[in-house]
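Engineer: Quick one, fold the following:
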Amino acid sequence: MRRLLTIVFCLTGWCVAAQEPLVKEWTLRECLDYAERNSIGVKQSRNVQLSGMEDTQQARAELFPSLVATTSHSYTNYPSSEVRDNDSYSGTYGLRAGLTLYEGGRLRKTLEQSRVQNRIDELDVEQTIIDLRIAIVRAYMQCLYAAEAVGINRSTAEVSLARCERAEQMWRAGSISRVDYAQLRSQYTDDEYQVVVAATSLDDYKLQLKQLLELDITEEMNPAAVRKVEEERIVSVLPAKHEVYRAALEFMPRVERGELAVESAELGRKIARAGFFPSVSLSASVGTGHMSGGNTGSGSQIWNRFNENVGLSIDIPIFSNRRNRTAVNKANIAVDNSLLERAAIEKEILKQVENAYLDASSAQARYLAASEKERYAAESFELTSEQFLLGAKNTVELLTAQNELTAARQEVLQAKYTALLNIELLNIYQGLEPSAIY
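Structural biologist: Residues are numbered from 1 along each chain as shown. Okay, here's the model as predicted:
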C-alpha cells in the first residue's frame, strides 16, 4: 500500500510539473535573430523596398509604347412625327498607340534614379536591422549587469543576516551594546532594500528588452545565464581607432546610402534640366464606326468608315511660367543638401566610434583599478570582521569596511559591463558577429 501511494504521489507530481510552462531563456544570438525576423519596423522597411521596386517596374514600362482600345456607343430618340426613323443607334471602335521618342532623357534618367532608390531602400532595411541590433545589445547587457548586481546585493544581505544573528547572540551575552546590535540590524534591512532595488532594475531592463523584441504580454523575458567572462576578454587589446572607423565606413549601410543619395540627387538635376528640351512623340490609331438608319448595313458602314492615322507631335517649351527654372534650382539645392548629409553621416559615425572607443578603453582601466580596490576592500573587511568579533573594532568601523567592499564590487561590475558593451558596439560597427558567450 505504501509503495502504491508513493507511485501515485510521484505520478501526480510529474503531471503537475509537466503542466507548468517552461520559461525560455534567451541568448543574445536568439534575441538578435528573433528581432530581425519579427520586428515590425524591419517589416515596414522591407515593404517600402518592395513598393520602390514596383516604381522601378513602372519607370521601365514608360519606355515602351502604350496601346489603348476604345469603343463608344450612343442611342438617340427623335420624338417628332415628321421623322421617318425615331430611333438611332451609333457605335465607334478604335485602337490607339503612342510612343515617346525623345524628351531630353527624362524617362531613362527617371528609371536610373528609381534603381538607385531601390538600393537606398535595401540599405535602409539593413540599417534598421543594425540599429535594432545595437538597441538589443545595450538592453541585453543592461540585463546581465542588473542580474549580477542582484547577486552581489543578495550575497551582501546574506552576510549581513549572518552577522546580525551572530550580533544578537553577542548582545544577549553582553559582548556588544544594544546600539551596536541596532546598527547592524539597520544595515541588514538596508541591504535587503538594495536587493529589492536591484531586482526592480532587472525587471525594468527585462521589460525594455521584451519590448524591443515585441513579445506578447504572456511571454516572459529571461536572458540566459552567462558563462564566466574571463578577465582577458574584458581587458582585451582594442583595435586601432582609425581602423575601426575605416571598417565602419565600409560596413555601415548609411554611408553607402549617403553616397547613393548624392547620385540620386544628381539624376534629379538631370531630370529637371530635361524640361528645357523639346519632346517628340509618335502616335498611331485605327478606328471605325456605324450608325443605324443609314442606306447601308452596319457591316458595310464599318468597312466604309474604317480609318488609319499616324501622327508625330513635337512640343517645344518656350515659356513655362518659370516651372522648369524653379525645378532646376531646387534640384541644385537637393544636390548640395545630399553632399552635406553624406558629410554629416561620416561625422556621426566618427562620433559613435570615438565615444565607444573611449568608453571601452576607460572602462578597461577602471575595471583593473576597481578590481585591485575590491581585493584590498575584501581583505580589509575580513580583518575588520575578525577584530569586531574580538572587540577590537566597533560597529561603525565594521559597517564602513562593508560599505567600501560593496561599493568596490559595484564599481568592478559597472566597469566590466561598460567595457563589454562598448567592445560589442565596436564589433557591430566593423560588421563582426556578437560574442558567443552571451
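Engineer: What are the boundaries of the strands in the stretch 1-150 of the chain?
Structural biologist: Counting by DSSP state E, counting those that start in this stretch, the stretch 1-150 of the chain forms strands over residues 66-77, 87-102, given from the N-terminal end onward.
Engineer: what is the mean pLDDT for stretch 174-194?
Structural biologist: Per-region confidence: stretch 174-194 scores 88 on mean pLDDT.
Engineer: swap in stretch 354-363?
Structural biologist: Mean predicted confidence for stretch 354-363 is 96.
Engineer: can you pull out the strands in the stretch 151-300 of the chain?
Structural biologist: Under the criterion DSSP E, counting those that start in this stretch, the stretch 151-300 of the chain carries strands at the ranges 279-291.
Engineer: Provide a list of residue ranges in it with pLDDT below threshold.
Structural biologist: Of all residues in the stretch 151-300 of the chain, those with pLDDT under 70 make up the ranges 293-299.
Engineer: Do a quick rundown of the helices in it.
Structural biologist: Read by DSSP state H, counting those that start in this stretch, the stretch 151-300 of the chain holds these helices, from start to end of the chain: 178-213, 231-234, 241-251, 253-273, 298-304.
Engineer: Quick one, which of these gets closest to residue 357.
Structural biologist: helix 241-251 (5.0 Å; C-beta to C-beta). (Glycine included, C-beta is placed from N, CA and C.)
Engineer: buried residues in the closest one?
Structural biologist: Of the residues in helix 241-251, those scored as buried under the neighbour-count criterion (16 or more other C-beta atoms under 10 Å) are 241, 244, 245, 247, 248, 249, 251.
Engineer: cool, and stretch 425-438?
Structural biologist: Burial within stretch 425-438, assessed by neighbour count using 16+ other C-beta under 10 Å, is assigned to 425, 426, 427, 428, 429, 430, 434, 438.
Engineer: residues contacting the last one?
Structural biologist: With contact taken as C-beta atoms under 8 Å, 6 or more residues apart in numbering, residue 438 is in contact with 27, 28, 29, 140, 144, 224, 226.
Engineer: Narrow those to just the buried residues.
Structural biologist: For these, a neighbour count by 16+ other C-beta under 10 Å gives the buried set as 27, 28, 140, 144, 224, 226.
Engineer: Which SSE is immediately downstream of the helix or strand hosting residue 364?
Structural biologist: Using DSSP states H and E, residue 364 sits within helix 323-389. Going down the chain from helix 323-389, the next helix or strand is helix 395-429, by DSSP H and E.
Engineer: circling back to that earlier point, out of the buried residues of helix 241-251, which comes closest to residue 76?
Structural biologist: Within the set of the buried residues of helix 241-251, residue 251 lies nearest residue 76; the separation is 73.0 Å, counting by C-beta to C-beta.
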